[in-house]
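1. Next comes the sequence, and after it the predicted model I'd like to discuss.
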Amino acid sequence: YTFVVDKTMIDNLDYTRTDKIILVEDIHQTMDDLFNYFKNKSHAKTVAVTGSVGKTTCVGLIESILKQKHNVMRIYSKRITPLVLKANIINLLNDDIDYIVTENSIYYHDHVKILADLLKPEIAAILNIESSHLGVDGLHTIDDICKFKAAIMQYAKKGYLIEGDPYLDRLHLEEGELKYDDEPLLYNPELEIERIDLTKTKVEDEQFNIENR
């Protein structure tokens with residue numbers, strides 16, 4: 001292993017002579033620099049999924065399908081923090097990766113936005129909106145959950161919403177502005193929204209027959 005430490009840690013570090021130590025001024029800034037270096041030299045596109053239920057299954061299916069023709073990196077974590085995301089990119093992203101697939105959960109009320117700002121998804125999906133996140137600081141109503149999850153669309157060129165969800169049905173694009181009813185949430189002139197009708201998706205004998213694209 002190589003350990004990256006700052007000056008406040010070096011005197012308290014218990015290490016052997018065989019360990020490699022890189023001493024830096026600020027470990028958080030160094031991590032940001034490394035993250036941005038590997039992210040910017042990569043050609044990989046990010047596919048991000050959020051929603052109250054089913055994110056892990058959906059991301060697993062996307063990974064499985066993309067792997068048929070592409071090199072895919074999946075970030076494994078039920079609740080990806082910015083630190084976990086940066087560490088994964090620094091340690092695992094290489095030049096051969098075509099797609100990064102990830103699930104963006106609400107660990108804090110603005111967590112989806114923070115993760116989207118760090119690793120800007122070109123393709124984003126919101127599966128459903130339920131009450132399971134109520135109680136998180138800043139999330140007082142189910143409407144709040146939907147609005148904060150919608151931040152996953154900030155940089156996307158293609159956004160997918162499940163048709164028939166009573167909260168997602170209230171999201172709509174109007175001249176590049178994503179709105180919740182009449183309330184503007186974000187502006188993204190490149191975003192296109194497609195609504196997926198689940199009645200056209202069925203499972204038979206452990207095989208997924210997707211009738212829409």
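-> Thanks, I have it. Predicted model only: the values in this text are computed from it and were never measured.

2. pretty sure I22 belongs to a strand, no?
-> Yes - looking at I22 with DSSP: H, G, I helix; E, B strand; the rest coil, it is inside a strand.

3. Excluding covalently adjacent residues, which one is nearest to E192?
-> The shortest distance from E192 to any residue other than its chain neighbours is 5.6 Å, reached at K158 (Cβ to Cβ, 6 or more residues apart in numbering). (C-beta placed from N, C-alpha, C; glycine too.)

4. Name all residues that make contact with the one you found.
-> Applying Cβ atoms under 8 Å, 6 or more residues apart in numbering, one finds that K158 lies in contact with 122-124, 191-192, 194.

5. And these, which of them are buried?
-> 123-124, 191 (16 or more other Cβ atoms under 10 Å).

6. Quick one: the helices in this structure, in order.
-> In order along the chain, the chain carries the following helices (DSSP state H): 7-10, 27-40, 55-66, 82-92, 111-118, 142-149.

7. Out of these, the one nearest D19 is which?
-> Shortest distance between D19 and those, using Cβ to Cβ, is found for helix 7-10: 12.1 Å.

8. which other helices and strands contact that closest one?
-> For helix 7-10, the helices and strands in contact under the criterion 3 or more Cβ pairs under 8 Å, 6 or more residues apart in numbering; DSSP states H and E are strand 20-24.

9. Partner strands of the strand it packs on, with direction?
-> When pairs are called by DSSP bridges, strand 20-24 turns out to pair with strand 2-6 (parallel).

10. Can you name the residues bridging to the residue nearest to E192?
-> I123, E192.

11. could you redo the contacts of K158 as JSON lines and give each row pLDDT and distance to I75?
-> JSON lines is the format used below for these (pLDDT from 0 to 100; distance: Cβ to Cβ, whole Å):
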{"residue": "E122", "pLDDT": "96", "distance to I75": "16"}
{"residue": "I123", "pLDDT": "97", "distance to I75": "15"}
{"residue": "A124", "pLDDT": "97", "distance to I75": "15"}
{"residue": "L191", "pLDDT": "96", "distance to I75": "23"}
{"residue": "E192", "pLDDT": "96", "distance to I75": "25"}
{"residue": "E194", "pLDDT": "95", "distance to I75": "24"}
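
12. ok, these vs R74, which is closest?
-> Distance ranking of the contacts of K158 against R74, using Cβ to Cβ, places I123 first at 14.3 Å.

13. residues contacting the closest one?
-> Remark: with contacts taken as Cβ under 8 Å, 6+ apart, I123 is in contact with 45-48, 156-160.

14. Filter these down to the buried ones, ChimeraX style.
-> Buried members of those, identified by 16+ other Cβ under 10 Å, are gathered into one ChimeraX selection as follows:
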select :45,46,47,48,156,158,159,160
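
15. Closest one of the contacts of I123 to I100?
-> Within the set of the contacts of I123, T46 lies nearest I100; the separation is 4.6 Å, counting by Cβ to Cβ.

16. I'd guessed that closest one sits against T102; true?
-> Yes - taking Cβ atoms under 8 Å as the contact criterion, T46 and T102 are neighbours in contact, 6.8 Å apart.

17. joint contacts of those two?
-> Counting by Cβ under 8 Å, 6+ apart, the residues touching both T46 and T102 are 119, 121.

18. What separation do you get for T30 and I90?
-> Using Cβ to Cβ, to the nearest Å, we find T30 at a distance of 10 Å from I90.

19. pLDDT for the contacts of I123 - can I get that in JSON lines?
-> Shown next, in JSON lines, are the contacts of I123 (pLDDT from 0 to 100):
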{"residue": "K45", "pLDDT": "96"}
{"residue": "T46", "pLDDT": "96"}
{"residue": "V47", "pLDDT": "97"}
{"residue": "A48", "pLDDT": "95"}
{"residue": "A156", "pLDDT": "97"}
{"residue": "K157", "pLDDT": "97"}
{"residue": "K158", "pLDDT": "97"}
{"residue": "G159", "pLDDT": "97"}
{"residue": "Y160", "pLDDT": "96"}
